[in-house]
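Undergrad: what shape does this take:
(one chain, ligands or ions: 1)
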Amino acid sequence: MNQESPKPSAVLNGQTAVVTGGSSGIGAGIARALGEAGANVVVNYSGSRERAEEVVARIREQGSQAVAVQADVSSESDVEAMFRQAVEIFGTVDILISNAGVQQDAAFTEMTLDEWNKVISINLTGAFLCARAATREFLRRGMVPGRSSALGKIIFVSSVHEIIPWSGRVNYAASKGGLMLFMKSIAQELGAKGIRVNSIAPGAIRTPINRESWDDPEAKAELLKLIPRNRIGDSSDIGKAALWLASDESDYVHGTSLVVDGGMTLYPGFISAG
Ligand code: NAP
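TA: Below is the predicted model:
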């Protein structure tokens, strides 16, 4: 392989990624994919230190550098401290994967303000705090010749529920719908500065957040009716998409949501109705 075409596994050599919620599920899948591609990875977690350390160990086995950093993404001081730590350890940050997210489900009339605030503050305010800190670092550092065609890359992990309304989870759907226009608005604002901003909108991916929908055979059969591809996704499906969005292969992709959902947003209920 010559220098013009680095092997696909090393496309992120020399770059540093912060992956929020990297200790579990989709975040862990993305952290591993970026590490495998040569990136240094900051594996963020809020409480699951051991699981974060396991992800770090896997990345180190792949030959890349990684470190686990605790921070609550809804806390401004935690987020600022996490980025300071990332810069101290690796020199800068090139890629933000804003992935940390939670659900607190309740019927609308029963939903407490705490349940509403918790989801909005982690899923949406957390994305704002992390994207702002990443952007400030990209601008402080400036372009590094030969590293990437972009000054920095921001990738939000949103959801098909930025499009599909979700009864019983209005806090979650509102957080993801808000994230979509937040992503597009900062993409509009930051594009000319060389910062690429996109989202991934996953469908059903097998992780702890939705265990009740795939652990129980009846619930799983119901879920599969919503997925034309007829399987539940794996966190590696999202890892591959994130790797592409973080690499220069997607240089002209900006301000978009990449839906990775096995066809869930094709509204498969209309196959036999309507
Ligand atoms: P998960 O396995 O439950 O992982 C959630 C991650 O977020 C964990 O690493 C958790 O760390 C972290 N986290 C939670 N609160 C945090 C906070 N305040 N600060 C920092 N980190 C925090 O869930 P997942 O399915 O991988 O979800 C990841 C993202 O994908 C979420 O944004 C979710 O909305 C989105 N998504 C998931 C699916 C799906 O089907 N799984 C579909 C669409 C979108 P700790 O364990 O340390 O708290």
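Undergrad: number of nearby residues for whichever residue of the stretch 51-200 of the chain sits closest to the ligand?
TA: At 2.2 Å from the ligand, G101 is the closest residue in the stretch 51-200 of the chain, using Cβ to the nearest ligand atom. Every C-beta, even on glycine, is put in place using the N, C-alpha and C of the backbone. As a burial measure, G101 scores 26 neighbours (other Cβ atoms under 10 Å).
Undergrad: helices or strands up against the helix or strand encompassing A131?
TA: A131 belongs to helix 126-141 when assigned by DSSP states H and E. Counting contacts by 3 or more Cβ pairs under 8 Å, 6 or more residues apart in numbering; DSSP states H and E, helix 126-141 is packed against helix 76-90, strand 95-98, strand 152-157, helix 170-190, strand 195-202.
Undergrad: return the most buried member of the ones you listed.
TA: strand 95-98 (a mean of 30; mean count of other Cβ atoms under 10 Å).
Undergrad: mind giving me the packing neighbours of that strand?
TA: strand 16-19, helix 25-36, helix 126-141, strand 152-157, helix 235-246.
Undergrad: check the offset of the third one from the chain's centre.
TA: A distance of 15 Å separates the C-alpha centroid of helix 126-141 from that of its chain, computed with Cα atoms, centre = their mean, to the nearest Å.
Undergrad: contacting residues around the nearest residue to I30 once chain neighbours are set aside?
TA: Nearest-residue entry for I30: A242, 4.4 Å, with adjacent residues in sequence omitted and distances by Cβ to Cβ, 6 or more residues apart in numbering. A242 makes contact with 30, 33-34, 97, 155, 157, 200, according to Cβ atoms under 8 Å, 6 or more residues apart in numbering.
Undergrad: ok so, going back, you'd agree the residue of the stretch 51-200 of the chain closest to the ligand is up against G21?
TA: Yes - with contact defined as Cβ atoms under 8 Å, G101 and G21 form a contacting pair (6.5 Å).
Undergrad: so which bits of this protein are right by the ligand?
TA: By Cβ under 6 Å from any ligand atom, the residues of the chain that approach the ligand are 20-21, 23-27, 44-48, 72-74, 99-102, 122, 157, 159, 202, 204-205, 207-210.
Undergrad: show me just the buried residues among those.
TA: Burial by neighbour count, 16 or more other Cβ atoms under 10 Å: within the residues of the chain next to the ligand this picks out 20-21, 23-27, 44-46, 48, 72-74, 99-102, 122, 157, 159, 202, 204-205, 207, 209-210.
Undergrad: any weak-confidence spans in this structure?
TA: Applying pLDDT under 70 to the chain flags the ranges 1-9, 274.
Undergrad: and if we set it to 80?
TA: Scanning the chain for pLDDT under 80 picks out the ranges 1-9, 273-274.
Undergrad: related to what we said a few turns ago, in space, what's closest to the residue of the stretch 51-200 of the chain closest to the ligand - neighbours in sequence excluded?
TA: Using Cβ to Cβ, 6+ apart, the nearest residue to G101 is N123, at 4.7 Å.
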